[in-house]
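In: here's my sequence, what's the structure:
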Amino acid sequence: MAALRAAKQALRKEIKKRVAALSDQEKTRQSSVVSQKLFRHPKYISSQRIGVFLSMHDEIRTEGILEDAFGKGKVCFIPKYLTNSSHMDMLRLTSLEDMNTLPLTSWNIRQPGDDDNQREEALNTGGLDLILMPGLGFDKDGNRLGRGKGFYDTYLERCMKHPKGKPYTIALAYKEQLCQEIPVDDRDILIDEVLYED
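Out: Just a heads-up that it's a prediction; the model follows:
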């Protein structure tokens, strides 16, 4: 266990360094390529209810994806992470304007505030068809290296108990985030697909 933790930590450091070396221009370019791949993806096209992460500076940018999804009449949900736990909810976002009114967290990402309890949680209603997954690193077998908090693994376990079952999962990645092999244990949930510029 300790060896696995250490291997994950070392890999996180290495990937962060690779992504930090990318210019903003290159991040924007790759984000656009990956977004276009997503827009053509049959699972995205057929999905009505989508979980979308709001990107941090070292992740594929998702604002354009939200814009496209709203334009196509899809129902979007965004993560709300509970501090000091591995609990996350996926709460309904109504528009890009709605997103811009959300408070910033200490990680500098927007999420609904603690007093914002009027929003629909995806699993309390119709579940999700698709979740776009963030992460630090990925391999081609669908293994994902998160930030170590377990938010998405815990949420996917909750999805599996929902009548709709586990949504299709697509990770969005810079090619610098791809690894030969991600060290995992049996609690890590596989991702269905990773989209990147190949």
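
In: need the strands for the chain, in chain order.
Out: Under the criterion DSSP state E, the chain contains strands at 49-51, 75-81, 88-93, 130-133, 137-138, 144-145, 168-172, 193-195.

In: so which other helices or strands are in contact with the top helix by length along the chain?
Out: Secondary structure of the chain per DSSP state H: the longest helix is helix 2-20. Counting contacts by 3 or more CB pairs under 8 Å, 6 or more residues apart in numbering; DSSP states H and E, helix 2-20 packs against strand 137-138, strand 144-145. Every residue, glycine included, has its C-beta placed from N, CA and C.

In: just the ones you listed: most buried one?
Out: Burial of the helices and strands packed on helix 2-20 is given as mean neighbour count (mean count of other CB atoms under 10 Å); strand 137-138 ranks first at a mean of 24.

In: and that strand, how far from the chain's centre?
Out: Centroid separation for strand 137-138 versus its chain: 12 Å, with CA atoms, centre = their mean, to the nearest Å.

In: so which bits of stretch 42-58 are buried?
Out: Using 16 or more other CB atoms under 10 Å as the test for burial, stretch 42-58 gives K43, Y44, S47, R49, I50, G51, V52, F53, L54, S55, D58.

In: what's the farthest-apart pair in those?
Out: Greatest spacing in the buried residues of stretch 42-58, by CB to CB: R49 and D58 (27.0 Å).

In: related to what we said a few turns ago, report the buried residues of the longest helix of the chain.
Out: By neighbour count on 16+ other CB under 10 Å, the buried set for helix 2-20 is K8, L11, R12, I15, R18, V19.

In: any idea how far M160 is from K140?
Out: For K140, the distance to M160 equals 24 Å [CB to CB, to the nearest Å].

In: likewise L172?
Out: 22 Å.

In: more neighbours: the two, which one.
Out: Using other CB atoms under 10 Å, the more surrounded residue of L172 and M160 is L172, with 27 against 12.

In: list the residues that contact the spatially closest residue to the more buried one that is not a sequence neighbour.
Out: Excluding the flanking residues, the one nearest L172 by CB to CB, 6 or more residues apart in numbering is I60, at 4.0 Å. The neighbourhood of I60, defined by CB atoms under 8 Å, 6 or more residues apart in numbering, consists of Q30, S31, V34, S35, P134, L172, A173, Y174.

In: could you do H57 as well?
Out: Taking CB under 8 Å, 6+ apart, one finds N108 in contact with H57.
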